[in-house]
Structure formats: structure tokens, C-alpha cells
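> Quick one: sequence and predicted model below, then my questions.
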2 protein chains.
Amino acid sequence: MAAPLEFYFDFYSPYGYLASSRIDELAAKHDREVIWRPFLVGATFAVTGARPLVDIPLLGDYSLHDMQRSARLQGVPFQLPEAFPKAALAPSRAFYWLAETQPDIAKRLAKAVYNATFGEGRDGSDPQLVAELGAALGIDSNELLEAIQRPEVKEKLKHETATAVSRGVFGSPTIYVDGEPFWGNDRLEQVDRWLETGGW
Amino acid sequence: MAAPLEFYFDFYSPYGYLASSRIDELAAKHDREVIWRPFLVGATFAVTGARPLVDIPLLGDYSLHDMQRSARLQGVPFQLPEAFPKAALAPSRAFYWLAETQPDIAKRLAKAVYNATFGEGRDGSDPQLVAELGAALGIDSNELLEAIQRPEVKEKLKHETATAVSRGVFGSPTIYVDGEPFWGNDRLEQVDRWLETGGW
């Protein structure tokens, strides 16, 4: 099997959510795996000078409209959380804590967090919600809540975010296919084609 | 025939160029016309706080890569002009001057300017180049150069740009389909689908 795709995303990124709902299936079609890599997109704003989409005049209103329209087209539920955006520390740290020993469970938790946040409009940055979603996957809640406070787990997320920026990642989602970067849920058709053809 | 699409674009927008090469054909497939409306995207930056893409760290490098990759995928030539971006006053004014009496020629001039600018990397903001491209379409060069200095022609471009912003346009290209806005060359597949289905 060829090298896995890398899927960089922020848990509070609506377009990351939309991509998350189809990236694994898309890769599997081409006999590829996907490594999920949550990062904090807010950390890139210091480099790019960007602001959260919805805070920008004109662009903010359009983006909300576009997210909803794109979700309907993909056939996935979409509901923006009341407080948006937030720094998604808890789910990102929980993900990396789990990924070391149970990568499949880590990915299932990530999907559950995304679905709660943008499928149901809940607060996906809330450690209690993350623990609750983890419990449904058989993860001990107290253990998860303790783990995401550990210095080495916090450090892992910082390291992954810094690595993302150093590779050139500035937005969520960003997908690497054999080193080739694609930014945006709206580039998945190109990702599909790249996997099909080996590039153009 | 149903209402025409409206195609807002800036003559110095690479993604506007990529959309311009296929918007008329896409619309024609659904028995629609397209009204072209150049505007100055720089005027929206005061509202959105945006900057030219290529000036933004990380995003700038990626965008250049993405423009070239998207152009190759569409099969159109792409060459960024040496001085980029610029305020495309001359071609925008020439367009509106022509559009009043010769809308077909105006559109052909717009395509010629886009092809010179991003197909060949020439300075599409240069009045002399615009006049030269106009001459190839049978437009008197002196008349064109004089027209784009007229107060009412300058005013027309200002008015069209202000109207675009007041409708919510903040980026190039923006396409309206029966009042529904789509931003970006990468939304043309959705435009196609919207025309096919009447919306979703």
C-alpha cells in the first residue's frame, strides 16, 4: 500500500468537519490510509494575520451560508455551535493521548467530537463532552480528563501544531498526498484526481 | 430563457481568470447567458481587512502553487505578471465604456485582457496594452484611450464596484445565479449543479 494521506484539521473548523466526513472513504477508494492530525489553526493566525472567517465583514455572512449549502450538498447535518470559534484544546489533546496506543479509537473519538460540534452544535471544546463521547467508546472518563492535563500531552499538541506551521499549513483542512498540499474541503475533488492520476 | 448569471471579477484576479475561461460555456449548457461585471476587488479590502493573497505568509506561497495547479487541471496557460497585483483601472473602464453599445466586443476585450495578463504574464493594467488588444477587435485606440479618462466612465466603474460591495461581494470571482452567490473558481461545480437542479 502506498503512503498514507495526512489530514490536518482543527476541531473548530467547519470545513474540516465537512472534509472529515469523506476523507477516509475517498482515500480507501485508492487503497490509501489517512493519518489524522488535529492542530490549532489559531496558532497560524499569528503568522498569516488571518482572523476567524465568521468575524470578517461580508466574508463572514457568506461563509456561514456556504458552509450550510456545502453541508446540504454533501448530505451531512450542519449546526454552528453558539460560541464559535473556540480553541479546541481538549479534543485535540485527547486525540493525541489516544493515538499513541489506540489510533483507531482516537479517530473514532475525533469523528464523534466533530459530529457533536457541527452536526449538533454542541461545545466540542468542553472537556466533559469529550470525556462523555470517549466513554461511549469505552474510554475511562477520569483517565481522559487527567490525561489531557498532563504536560507531555499538552506538549505533543504544541509540537504537532508547530510542525504543521513549519510545513506550511495555514488553514483547516489541509491534506498532504505524497507531499503535495491541498487546502480546503473544496479541494477534495482534486485530491481524488491526484490519487487517481498521480498528479498533473 | 431564464435570467442571466452575473459574473463579478477583477482583472487582476488569477481565480477570476480561471473562472472566465469556462463560465460562459458552463452557463450555455443550461441555456443561460452571463453578464460580466468587472470591479476593483481592492475596494473591498477596506471592508474586509483582506490583503492580496500572494502577500500573505504561507498562504501566498500555497496560492501561487494552487493557481498553477488549477490552471494545469483546466488546461489553460498560466503566468503571473511580474508586478502583481495591480489596480486594473484601464481594462475595467474600457469594458464599461464598450459594454453600453457593444456588449459582445466588451466581453471579447475582457477575455483578451485576461489572456494577456495571466496567459502571457503581461501588464493588463497598462492602457496601451488594453488599446492594442482593443485595436485587434476593431476599436479605435485613440478613442479608447480618451474614453477611459472621461469622468462618466470613471464614475461608472466606481458605481459598479460600490454596487458589488453593497450586494455582499468581497472577492473575485463571485457568481450570482438567480440571486444565489458563489465565491471562487472552485465553486463552479456547485454553480453547475445549482443550474441543473434549481438549488438544494
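Thanks, I have it.

> Tell me which residues of the worst-scoring helix or strand of chain A on mean pLDDT come out buried.
Within chain A, judged by mean pLDDT, DSSP states H and E, the helix or strand with the poorest mean is helix A:42-48; its value is a mean of 89. For helix A:42-48, burial by neighbour count (16 or more other C-beta atoms under 10 Å in any protein chain shown) applies to A:42-44, A:48. The C-beta positions use only the backbone N, C-alpha and C, and glycine is treated the same way.

> What about chain B: which of these touch it?
The overlap between these and the neighbours of chain B (C-beta under 8 Å from any C-beta of the partner chain) comes to A:44, A:48.

> mind giving me CSV with the buried residues of helix A:42-48 and columns for distance to A:Gly199?
As requested, the buried residues of helix A:42-48 are exported to CSV (distance: C-beta to C-beta, whole Å):
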residue, distance to A:Gly199
A:Gly42, 32
A:Ala43, 30
A:Thr44, 26
A:Thr48, 26
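
> Looking at the buried residues of helix A:42-48, which is nearest B:Glu152?
Using C-beta to C-beta, A:Thr48 comes nearest to B:Glu152 of those, at 40.6 Å.

> before we move on, back to that, of all the buried residues of helix A:42-48, which comes closest to chain B?
The shortest distance between chain B and any of the buried residues of helix A:42-48, using C-beta to the nearest C-beta, involves A:Thr48 and amounts to 5.4 Å.

> Who are the contact partners of that closest one?
Shown here is A:Thr48, whose contacts under the criterion C-beta atoms under 8 Å, 6 or more residues apart in numbering or on different chains are A:170, B:56-59.

> Can you say which of the residues you listed are buried?
Buried residues within the contacts of A:Thr48, defined by neighbour count using 16+ other C-beta under 10 Å: A:170, B:56, B:58-59.

> now, which of those lie within helices?
Applying DSSP state H to the buried ones among the contacts of A:Thr48, the entries found in helices are B:Leu59.

> Need the max-distance pair from the buried ones among the contacts of A:Thr48.
Using C-beta to C-beta, the buried ones among the contacts of A:Thr48 reach their maximum pairwise distance at A:Phe170 and B:Ile56, which is 8.1 Å.

> what touches both of those two?
Common contact partners of A:Phe170 and B:Ile56 (C-beta under 8 Å, 6+ apart): A:48, A:50.

> Quantify the burial of the closest residue to A:Pro14 other than its chain neighbours by counting its neighbouring residues.
Of all residues not flanking A:Pro14 in the chain, A:Met67 sits nearest, at 4.6 Å (C-beta to C-beta, 6 or more residues apart in numbering or on different chains). Under the neighbour criterion other C-beta atoms under 10 Å in any protein chain shown, A:Met67 is assigned a count of 20.

> now swap in the one 3 residues further on and tell me
Counted with other C-beta under 10 Å, the burial measure for A:Ser70 works out to 18 neighbours.

> what sits against it?
Taking C-beta under 8 Å, 6+ apart as the definition of contact, the neighbours of A:Ser70 are A:15, A:18, A:185-186, B:190.

> who wins for most neighbours among the residues you listed?
Using other C-beta under 10 Å as the neighbour criterion, A:Asn185 leads the contacts of A:Ser70 with 27 neighbours.

> how close does it sit to chain B?
Taking C-beta to the nearest C-beta, to the nearest Å as the measure, A:Asn185 falls 10 Å from chain B.
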